[in-house]
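**Student:** Quick check, what structure comes out for this input:
(chains A and B)
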Amino acid sequence: MKKTGAEIIMECLLEQKVNTIFGYPGGTILNVYDALYKYKGKIKHYLTAHEQGAAHAADGYARSTGKVGVAFATSGPGSTNLTTGIATAYIDSSPIVFITCNVSENLIGKDSFQEVDITGITLPITKANFLVSDVNKLADTIRAAFSIARSGRPGPVLIDILKNVTAESAEYEFLPRKKHRESGKLKELIDRSTIDFETPSIDEGDIDKLVDMINESNKPLLICGGGVVRSRCDKEFSEFANLIDSPTAVTVMGGGGICGRNPLVTGMIGMHGSIASNMACDNCDLLIAVGCRFSDRVALDPKNFAKQAKIVHIDIDRSEINKNVQTDHHIVGYAKDVLKMLNSRLKQQDHSDWKKFVFSYPTETEYADGGKTLNPKQILSAIARICPQDTIVSTDVGQHQMWAIQHFHFDYSGQLLTSGGFGTMGFGLGAAIGAKVGNPDKCVIHITGDGSFRMNCNELCTEEFYKLPIITFIFNNQTLGMVRQWQNLIYNGDYSETTLDRGPDFVKLAEAYGLHGRRVNNQEDLCKAIEEALACGEGYVIDCMIDIDEMVRPMVKAGDPIVQFLLD
Amino acid sequence: MVKNENAKLQTLAVLVDNESGVLSQVSRMFSRKGYNIESLVVGTTENPRVSRITIDVLADEQQINLLGNQLRKLLPVHSVKRLTPETSIQRELMLIKVHTMDGTQRNEVIQLANVFRAQIIDVSIETLTLAVIGDTDKISAIEKILKEFHVLEIARTGGIALERGKATIHDETKEKGEFNYGKNVL
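**Tutor:** This next block holds a predicted model:
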């Protein structure tokens, strides 16, 4: 059947069972939005305030549901506004397909209005990107893009389509998703195994070797990384940890990969890791990292990381093996499959003495009572107590992010949405919107700081328009807290350009957007506000005043050994 | 750039899609990871849809493995093979234009060309242009000697390489691990 390029895009999205899109229209993508108008009943489009918000929303949708997120943007500034969102998704391995349109073929290369080489710009921050200049190749490219985004180590893919392609017509035939790999670009890629579409077969010998290493170990430590979350293998990972009876540290990206209430969990590891986690890392004799990449925030001093231990790395991406930390053994494979194989070979172990040692150190930080203001733990405890247990938590970046991850117990994969790798301030609200759209039955909260919130608070209008009852908690210390903390500890307290002694008034801001706002500085008001927010079923901003000098503890300086605490 | 005392010149042969933008994708991977490409040669292969890129880069054992694995992650890359001097033959072409003052100098240059089995491909009253094919050492040797004369211009291609014997880059699909990752590679 003949269809226009724009209609082919819609049909291909339906092939992928996509019913939700975040985006922003513009000149070159007009044809696509025109087609969208006709597909309104099948595909719901969420218009954000800014393309960056759309990118983060698609990201939040993808991370919380496990499906591929989709975002639209027009050429030029529309597409460059996506880039922060694309980079955020890339480094955190979140599967998203970005569709942008570029100027028509006759205008390409002429510095036309709103023309930009977005495939060139996004080359280092996408898993793959495509420029489509032939309408006959459009469907094939979109099919490949979705497969690439979700296969192996997931990641963002960008498709840039020339405007004339969206208007031209081509033969289109519905092809169910299962058959995509039997033809076209995907078949070619699979035939030469360019990309890991199939889950790699795992070597039995390697599994046996690891089982032997586990059996020989007296002081094992597991690290639960983002790969556990992406592959949704909570069950297998917990079983693995329980079988080995091993303390388990969690990375920022790994939050929810193992139930935070599991008594084996030692908390976060790394720069702001718990003392228990970091001590365990320094003293263990076997460290098994699953789906983590030993970033500089975990392996601060890679040469001396877990220096007494044999290091084992389980990851789907073999280019991660030995990239940052030299390993003694590794298994390249899908975490779920690897863990299943390991679990079937392992016998129940008991490491009581080792656990006693590890858990003699604190897994959480205590904070002094804030006096006039709230302290971070009071806020988080109140949230945890009052909000439902399966509440999805989206964070921005900074002190509030670390506090939230340190103190909340995340129970399942996809419960925590945070920009761990790229550290994107302004990620949280967009991500919360995406998460609420993808999980309408769950409570979604957004934890942010006054600095982060100011970056993308324009998305409050999206929250209001689509009636998404997200509760935003601003940890308002009137400063860029994390930067101030470094300035305080490392830069002699010279607070260069970090003090946010200025507006806006977040309560009035929320009200201006048609939402509810409340400022609180004691526990009683806070609890009342949370209860009210939950009951009203509408968007709510709670501005929680905290002390300007409150710090994230513990802290290890970048590059220092993991147990050399600057703060404990 | 990544500083490393153990780094030595390593050669990677890479088969890629013969499409626009692929070369920049490959070369940008090196700069993104902090490496400088010492030499890069691109040419067609027996398959018109596939190009072969030969890259020389300063790296140690671990780094070259990581670069290989990063290359394999790029969609247009078909296969990557590390070529060592022991297992491969490498050749480079140099064109060099020498200014000669008189007949004596001209004769000296011609003699040197004969010793190195270089071809004289262009002659004018005052210049001789030589084409030399050989491994990098040989090219560098003749370049050094001819610099005793007045060299007007040099063009070098950079090295290309093939494995000795029956082995080819096609043996090295992405599934097989020559890249020292044990038997549990994809």
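**Student:** Next up, the contacts around the residue nearest to A:His272 when sequence neighbours are not counted.
**Tutor:** Using C-beta to C-beta, 6 or more residues apart in numbering or on different chains and skipping the chain neighbours, the partner closest in space to A:His272 is A:Met402 (4.6 Å). Using the backbone N, CA and C atoms, a C-beta is placed for each residue, glycine as well. Residues in contact with A:Met402 (C-beta atoms under 8 Å, 6 or more residues apart in numbering or on different chains) are A:Met268, A:His272, A:Met482, A:Val552.
**Student:** Then B:Thr45?
**Tutor:** By C-beta under 8 Å, 6+ apart, the residues touching B:Thr45 are B:Leu15, B:Ser51, B:Arg52.
**Student:** re the thing from before, past the helix or strand hosting the residue nearest to A:His272, which element shows up next along the chain?
**Tutor:** Assessed by DSSP states H and E, A:Met402 sits inside helix A:399-407. Proceeding N to C from helix A:399-407, the next assigned helix or strand is strand A:416-417, under DSSP H and E.
**Student:** For PyMOL, write the select line for the buried members of the contacts of A:Met402.
**Tutor:** In PyMOL, this line selects whichever of the contacts of A:Met402 come out buried by 16 or more other C-beta atoms under 10 Å in any protein chain shown:
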select buried, chain A and resi 268+272+482+552
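**Student:** Make TSV out of the contacts of A:Met402 and add pLDDT.
**Tutor:** Formatted as TSV, the contacts of A:Met402 follow (pLDDT from 0 to 100):
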residue	pLDDT
A:Met268	96
A:His272	96
A:Met482	96
A:Val552	95
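**Student:** Out of the contacts of A:Met402, give me the two with the largest separation.
**Tutor:** Spanning the widest gap among these are A:Met268 and A:Met482, at 14.9 Å by C-beta to C-beta.
**Student:** So which of the contacts of B:Thr45 belong to strands?
**Tutor:** B:Leu15, B:Ser51, B:Arg52 (DSSP state E).
**Student:** What is the neighbour count of residue 56?
**Tutor:** No chain was given, so I picked chain A. Counted by other C-beta atoms under 10 Å in any protein chain shown, the residues lying close to A:His56 total 35.
**Student:** you looked at the wrong chain, it should be chain B
**Tutor:** Count around B:Asp56 with other C-beta under 10 Å applied: 20.
**Student:** I'd assumed A:Thr266 was in a strand, is it?
**Tutor:** Yes: under DSSP: H, G, I helix; E, B strand; the rest coil, A:Thr266 sits within a strand.
**Student:** could you give me the average pLDDT of the strand or helix carrying A:Ser277?
**Tutor:** Using DSSP H and E, A:Ser277 falls within helix A:275-283. When pLDDT is averaged along helix A:275-283, the result is 97.
**Student:** which non-adjacent residue is nearest the residue of chain B found nearest chain A?
**Tutor:** Proximity of chain B to chain A (C-beta to the nearest C-beta) peaks at B:Asn69, 3.7 Å away. Closest residue in space to B:Asn69, ignoring its immediate chain neighbours: A:Ser319 at 3.7 Å, by C-beta to C-beta, 6+ apart.
**Student:** show me the contacts for that neighbour.
**Tutor:** B:Leu66, B:Asn69, B:Gln70, B:Arg72, B:Lys73.
**Student:** where does residue 50 land on pLDDT?
**Tutor:** You didn't say which chain, so I picked chain A. What the model reports as pLDDT for A:His50 is 97.
**Student:** wrong chain, I was asking about chain B
**Tutor:** Model confidence at B:Val50 (pLDDT) stands at 93.
**Student:** That one pairs with what?
**Tutor:** Beta-bridge pairing of B:Val50 under DSSP bridges involves B:Asp17.
**Student:** hey, C-alpha coordinates of stretch A:215-234 in CSV?
**Tutor:** Output of stretch A:215-234 as CSV, limited to C-alpha atoms (Å, rounded to 0.1, in the frame of the first residue of the first chain):
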residue,chain,number,x,y,z
ASN,A,215,33.6,-21.6,46.7
GLU,A,216,37.2,-20.7,47.6
SER,A,217,36.3,-17.3,48.8
ASN,A,218,35.8,-16.4,52.5
LYS,A,219,35.1,-12.7,52.0
PRO,A,220,33.0,-12.1,48.9
LEU,A,221,31.4,-8.8,47.9
LEU,A,222,28.9,-8.3,45.1
ILE,A,223,28.4,-5.0,43.3
CYS,A,224,24.9,-4.5,41.8
GLY,A,225,25.3,-2.2,38.8
GLY,A,226,22.9,-0.6,36.3
GLY,A,227,23.1,-3.7,34.1
VAL,A,228,21.0,-5.6,36.7
VAL,A,229,18.4,-2.9,36.5
ARG,A,230,18.4,-2.8,32.7
SER,A,231,18.1,-6.5,32.3
ARG,A,232,15.4,-6.6,35.0
CYS,A,233,17.0,-9.6,36.8
ASP,A,234,16.2,-8.5,40.4
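**Student:** So the most centrally placed residue in chain B versus B:Thr54, what's the distance?
**Tutor:** By C-alpha atoms, centre = their mean, chain B has its centre lying nearest to B:Gly159, at 2.2 Å. B:Gly159 is 6 Å from B:Thr54, where distance means C-beta to C-beta, to the nearest Å.
**Student:** hmm, back to that, next SSE after the helix holding A:Ser277?
**Tutor:** Heading C-terminal from helix A:275-283 (DSSP H and E), you reach strand A:286-290.
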